[in-house]
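I'll drop the sequence and a predicted model, then ask my questions.
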Amino acid sequence: MEKYLVSLDDAERAALLDVTRKGKAAARRIAHARILLLADEGRPDDEIAATVAVGTRTVSRARKRLVTEGLGAALDPRPQPPRPDKLKIKGDVEQELVRLACADPPEGRRCWTLQLLADELVALGRATEVSRETVRQALQKTTSTPGRSGPGASRRRRTGSSSGGWRA
(Lines give C-alpha, C1' and ligand atoms only; values in the text may rest on other atoms or scores of the structure.)
Protein backbone atom coordinates (compact mmCIF):
# COMPACT_ATOMS: atom_id res chain seq x y z
CA MET A 1 0.00 0.00 0.00
CA GLU A 2 1.25 3.44 -0.90
CA LYS A 3 2.24 5.66 2.04
CA TYR A 4 1.32 9.33 1.95
CA LEU A 5 3.57 11.57 4.01
CA VAL A 6 1.83 14.31 5.96
CA SER A 7 3.62 17.64 6.33
CA LEU A 8 1.52 20.47 7.72
CA ASP A 9 2.41 24.14 7.56
CA ASP A 10 1.88 26.41 10.58
CA ALA A 11 -1.57 27.62 9.47
CA GLU A 12 -2.87 24.08 8.89
CA ARG A 13 -1.45 22.89 12.22
CA ALA A 14 -3.08 25.83 14.03
CA ALA A 15 -6.42 25.10 12.35
CA LEU A 16 -6.24 21.42 13.35
CA LEU A 17 -5.28 22.27 16.93
CA ASP A 18 -8.21 24.68 17.03
CA VAL A 19 -10.59 21.90 15.94
CA THR A 20 -9.30 19.48 18.57
CA ARG A 21 -9.19 21.97 21.44
CA LYS A 22 -12.64 23.50 21.04
CA GLY A 23 -14.42 20.15 20.97
CA LYS A 24 -17.46 21.68 19.27
CA ALA A 25 -16.98 19.91 15.92
CA ALA A 26 -18.33 16.53 14.87
CA ALA A 27 -16.57 13.52 16.38
CA ARG A 28 -15.36 12.37 12.96
CA ARG A 29 -13.87 15.78 12.22
CA ILE A 30 -12.06 15.88 15.58
CA ALA A 31 -10.75 12.33 15.09
CA HIS A 32 -9.41 13.16 11.62
CA ALA A 33 -7.78 16.33 12.97
CA ARG A 34 -6.04 14.27 15.68
CA ILE A 35 -4.98 11.70 13.06
CA LEU A 36 -3.40 14.37 10.89
CA LEU A 37 -1.62 16.02 13.80
CA LEU A 38 -0.13 12.72 14.93
CA ALA A 39 0.81 11.81 11.35
CA ASP A 40 2.60 15.15 11.05
CA GLU A 41 4.71 14.17 14.07
CA GLY A 42 5.86 11.10 12.12
CA ARG A 43 4.08 8.43 14.15
CA PRO A 44 3.26 5.10 12.46
CA ASP A 45 -0.31 4.29 11.40
CA ASP A 46 -0.88 1.52 13.93
CA GLU A 47 0.16 3.78 16.82
CA ILE A 48 -2.09 6.59 15.54
CA ALA A 49 -4.98 4.16 15.17
CA ALA A 50 -4.55 2.94 18.75
CA THR A 51 -4.28 6.48 20.11
CA VAL A 52 -7.34 7.85 18.30
CA ALA A 53 -9.31 4.57 18.58
CA VAL A 54 -9.90 4.13 14.85
CA GLY A 55 -8.80 1.55 12.30
CA THR A 56 -5.55 1.71 10.40
CA ARG A 57 -7.50 2.09 7.12
CA THR A 58 -9.09 5.26 8.51
CA VAL A 59 -5.63 6.63 9.24
CA SER A 60 -4.35 5.80 5.76
CA ARG A 61 -7.46 7.28 4.11
CA ALA A 62 -7.11 10.50 6.11
CA ARG A 63 -3.44 10.76 5.07
CA LYS A 64 -4.32 10.12 1.43
CA ARG A 65 -7.13 12.67 1.36
CA LEU A 66 -4.92 15.33 2.93
CA VAL A 67 -2.15 14.81 0.38
CA THR A 68 -4.38 14.42 -2.69
CA GLU A 69 -7.37 16.65 -1.94
CA GLY A 70 -6.33 19.08 0.78
CA LEU A 71 -7.08 19.82 4.42
CA GLY A 72 -10.80 20.55 4.01
CA ALA A 73 -11.44 17.25 2.23
CA ALA A 74 -9.45 15.33 4.85
CA LEU A 75 -11.57 16.71 7.69
CA ASP A 76 -15.04 16.69 6.15
CA PRO A 77 -16.88 13.54 5.09
CA ARG A 78 -17.50 12.93 1.41
CA PRO A 79 -21.04 13.70 0.30
CA GLN A 80 -23.19 10.64 -0.13
CA PRO A 81 -23.92 9.68 -3.74
CA PRO A 82 -27.41 10.53 -4.96
CA ARG A 83 -29.81 7.69 -4.28
CA PRO A 84 -32.73 6.72 -6.46
CA ASP A 85 -36.19 7.14 -5.03
CA LYS A 86 -36.42 4.87 -2.04
CA LEU A 87 -40.07 4.00 -2.51
CA LYS A 88 -40.82 2.43 -5.86
CA ILE A 89 -44.50 2.06 -5.03
CA LYS A 90 -46.26 5.43 -4.89
CA GLY A 91 -49.63 6.99 -5.51
CA ASP A 92 -52.01 4.95 -7.65
CA VAL A 93 -49.77 1.85 -7.59
CA GLU A 94 -49.84 1.99 -3.79
CA GLN A 95 -53.62 2.27 -3.84
CA GLU A 96 -53.82 -0.73 -6.15
CA LEU A 97 -51.55 -2.70 -3.81
CA VAL A 98 -53.70 -1.89 -0.78
CA ARG A 99 -56.84 -2.79 -2.73
CA LEU A 100 -55.26 -6.13 -3.68
CA ALA A 101 -54.10 -6.85 -0.12
CA CYS A 102 -57.57 -6.18 1.26
CA ALA A 103 -59.30 -8.24 -1.45
CA ASP A 104 -59.86 -11.97 -1.35
CA PRO A 105 -56.72 -14.02 -2.14
CA PRO A 106 -56.38 -15.93 -5.41
CA GLU A 107 -58.14 -19.26 -5.93
CA GLY A 108 -56.49 -22.04 -3.94
CA ARG A 109 -54.83 -19.66 -1.47
CA ARG A 110 -55.89 -18.84 2.08
CA CYS A 111 -54.19 -15.45 2.21
CA TRP A 112 -52.02 -13.09 0.20
CA THR A 113 -48.27 -13.41 0.58
CA LEU A 114 -45.85 -10.60 -0.17
CA GLN A 115 -44.53 -12.50 -3.18
CA LEU A 116 -48.05 -13.08 -4.50
CA LEU A 117 -48.81 -9.37 -4.21
CA ALA A 118 -45.56 -8.47 -5.97
CA ASP A 119 -46.27 -10.93 -8.78
CA GLU A 120 -49.83 -9.64 -9.13
CA LEU A 121 -48.64 -6.03 -9.48
CA VAL A 122 -46.31 -7.12 -12.28
CA ALA A 123 -49.06 -9.23 -13.92
CA LEU A 124 -51.44 -6.24 -13.86
CA GLY A 125 -48.77 -4.11 -15.53
CA ARG A 126 -48.57 -1.65 -12.63
CA ALA A 127 -44.80 -2.21 -12.25
CA THR A 128 -42.05 -3.80 -14.32
CA GLU A 129 -40.56 -5.61 -11.33
CA VAL A 130 -41.22 -5.41 -7.62
CA SER A 131 -39.54 -7.26 -4.77
CA ARG A 132 -41.22 -8.71 -1.71
CA GLU A 133 -39.39 -6.19 0.47
CA THR A 134 -40.71 -3.25 -1.54
CA VAL A 135 -44.24 -4.57 -1.14
CA ARG A 136 -43.68 -5.09 2.59
CA GLN A 137 -42.42 -1.53 3.06
CA ALA A 138 -45.31 -0.07 1.08
CA LEU A 139 -47.89 -2.02 3.07
CA GLN A 140 -46.24 -1.23 6.38
CA LYS A 141 -46.52 2.51 5.86
CA THR A 142 -50.22 2.43 4.97
CA THR A 143 -52.84 3.04 7.63
CA SER A 144 -55.92 2.33 5.57
CA THR A 145 -56.73 -1.13 6.88
CA PRO A 146 -60.42 -1.73 7.52
CA GLY A 147 -61.22 -3.10 10.97
CA ARG A 148 -57.92 -2.35 12.63
CA SER A 149 -56.35 0.77 14.08
CA GLY A 150 -52.69 -0.26 13.72
CA PRO A 151 -50.60 0.49 10.65
CA GLY A 152 -50.29 -1.96 7.77
CA ALA A 153 -52.61 -3.40 5.17
CA SER A 154 -52.40 -7.09 6.00
CA ARG A 155 -55.04 -8.66 8.18
CA ARG A 156 -54.12 -9.97 11.57
CA ARG A 157 -54.88 -13.67 12.00
CA ARG A 158 -56.56 -15.02 15.09
CA THR A 159 -54.43 -17.46 16.99
CA GLY A 160 -55.70 -20.09 19.33
CA SER A 161 -55.24 -19.90 23.05
CA SER A 162 -51.89 -21.21 24.17
CA SER A 163 -53.10 -22.02 27.68
CA GLY A 164 -55.00 -25.12 26.57
CA GLY A 165 -57.79 -24.35 29.03
CA TRP A 166 -61.51 -24.38 28.28
CA ARG A 167 -63.33 -21.20 27.50
CA ALA A 168 -66.54 -20.56 29.36
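Right, received. Where do you want to start? In this text, all values refer to a predicted model and were calculated from it rather than measured experimentally.

all helices for the chain, in order.
Secondary structure of the chain (DSSP state H): helices located at 10-22, 27-40, 45-52, 56-69, 71-75, 91-102, 114-123, 132-141.

quick one: the last one to helix 114-123, angle?
Meaning helix 132-141. With axes from the mean of the first three to the mean of the last three CA atoms, to 10 degrees applied, the angle from helix 132-141 to helix 114-123 works out at 100 degrees.

list the helices and strands helix 132-141 packs on?
Secondary-structure packing of helix 132-141 (3 or more CB pairs under 8 Å, 6 or more residues apart in numbering; DSSP states H and E): helix 91-102, helix 114-123. In short, each C-beta sits where N, CA and C put it, glycine included.

rerun at 6 Å
helix 114-123 (3 or more CB pairs under 6 Å, 6 or more residues apart in numbering; DSSP states H and E).

for the shortest one, same thing?
Taking 3+ CB pairs under 6 Å, 6+ apart as the contact definition, the neighbouring helices and strands of helix 71-75 are helix 56-69.

Can you give me the buried ones in the helix it packs on?
58, 59, 60, 61, 62, 63, 64, 65, 66 (16 or more other CB atoms under 10 Å).

Can you say which two of the residues you listed are spatially most distant?
The span of those, defined through CB to CB, is set by 58 and 66 at 12.7 Å.

Next, show the common contact partners of the two.
Shared contacts of residue 58 and residue 66, defined by CB atoms under 6 Å, 6 or more residues apart in numbering, are absent.

if we compare the helices of the chain, which one ends up closest to residue 108?
helix 114-123 (11.0 Å).

Give me the buried positions along that closest one.
114, 116, 117, 118, 120, 121.

returning to what we had before: ok, of the buried residues of helix 56-69, which one's closest to residue 32?
Set against residue 32, the nearest of these by CB to CB is residue 62 (5.0 Å).

so what's residue 115 up against?
residue 132.

Hmm, I typed the wrong one, I wanted residue 111.
residue 105.

Against residue 101, how distant is it?
10 Å (CB to CB, to the nearest Å).

which residues of this structure score low on pLDDT?
Flagging of the chain using pLDDT under 70 yields the residue ranges 1-2, 84-87, 143-168.

so what are the domain limits for it?
The record's domain parsing of the chain by automatic domain parsing lists 10-75, 91-141.

Straight-line length of the last one, end to end?
To tie it back to what came earlier, the one meant is domain 91-141. 13 Å (CA to CA, to the nearest Å).

Not counting sequence-adjacent ones, nearest residue to residue 128?
residue 122 (7.1 Å; CB to CB, 6 or more residues apart in numbering).
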